[in-house]
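Chemist: My questions are about this predicted structure, shown below with the sequence.
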Amino acid sequence: NNDENSYHVFYHPDGTVLDSTAILDGFTITGGNAESSVPHNQGAGMHNYNGSSPTLTNCTFAGNWASFDGGGMFNIGGSSPSLTNCMFQDNSAAYEGGGMFNSGSSPSLTDCTFQDNSATSEGGGIYNASYSSPSLTNCVFAGNSSGSGGGIYNAWSSSPTLTSCTFTGNSAVHNGGGIYNWNGSSP
């Protein structure tokens with residue numbers, strides 16, 4: 001089990017403010033167990049707060065669990081990392097954003113895959129809220145699940161841009177197996 005594991009594999013709290021020169025290339029980020037109180041119940045794999053925006057290439061987020069939001073990655077307050085050729089697989093969140101959670105953040109994702117991630121409430125693959133406008137190019141969403149928005153859930157004026165993305169086998173208990181927009185914009 002993960003009971004003794006750290007809350008976050010990578011933790012970038014307020015004041016860290018990583019920019020694109022902070023590069024993580026070729027790593028597997030696994031076993032994060034964000035199970036405490038705020039902020040240690042968010043972002044089990046990576047927690048980016050208030051402008052931390054590292055560059056990630058050829059990385060895998062697998063088997064991370066958050067008792068609230070962002071099983072694989074949690075981005076809030078203008079944290080907009082750049083991800084290329086990254087995999088989010090088998091991550092889960094007890095509430096929102098099994099693979100990735102964005103609030104007021106707009107990461108850039110190219111050639112990324114979200115597979116078999118889950119969230120009990122919303123956004124099995126990705127959850128976007130509070131004016132988040134991520135850019136996704138050539139990304140794949142497969143087998144993700146949640147209450148609503150199995151692949152992606154957009155809320156609170158979020159408007160992602162999707163280019164040449166594929167959705168297959170995603171599911172939702174209530175609304176939007178692939179994508180669900182609630183007070184957000186259609187991608």
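Modeler: Nice, I can see it.
Chemist: and the spatially most central residue of the chain, what does it touch?
Modeler: Geometric centre of the chain, nearest residue: M100, 0.6 Å, by CA atoms, centre = their mean. Neighbour list for M100: G70, G72, M73, F74, N75, F88, P107, F114, G125, I126, Y127 [criterion: CB atoms under 8 Å, 6 or more residues apart in numbering]. Where you see a C-beta, it was placed from the backbone N, CA and C, and this is true even at glycine.
Chemist: ok, now with 6 Å
Modeler: By CB atoms under 6 Å, 6 or more residues apart in numbering, the contact list for M100 reads G72, M73, I126.
Chemist: Can you tell me which of these is nearest L83?
Modeler: M73 (8.5 Å; CB to CB).
Chemist: how deep is the closest one tucked in, by neighbour count?
Modeler: By other CB atoms under 10 Å, the residues close to M73 number 34.
Chemist: Then V140?
Modeler: V140 - counted by other CB under 10 Å - has 17 other residues nearby.
Chemist: next one: the one 5 residues further on
Modeler: S145 sits with 22 neighbouring residues when counted by other CB under 10 Å.
Chemist: With D14 instead?
Modeler: By the criterion of other CB under 10 Å, D14 has 12 neighbours.
Chemist: just the contacts of M100 now: which is nearest D14?
Modeler: Among these, M73 lies closest to D14 (CB to CB), at 17.0 Å.
Chemist: Next one, pLDDT for the closest one please.
Modeler: As predicted, M73 sits at a pLDDT of 98.
Chemist: same deal with S185?
Modeler: So, for S185, pLDDT stands at 60.
Chemist: before we move on, the earlier item: show me what the residue nearest to the centre of the chain is bridged to.
Modeler: Beta-bridge partners for M100, by DSSP bridges, are M73, I126.
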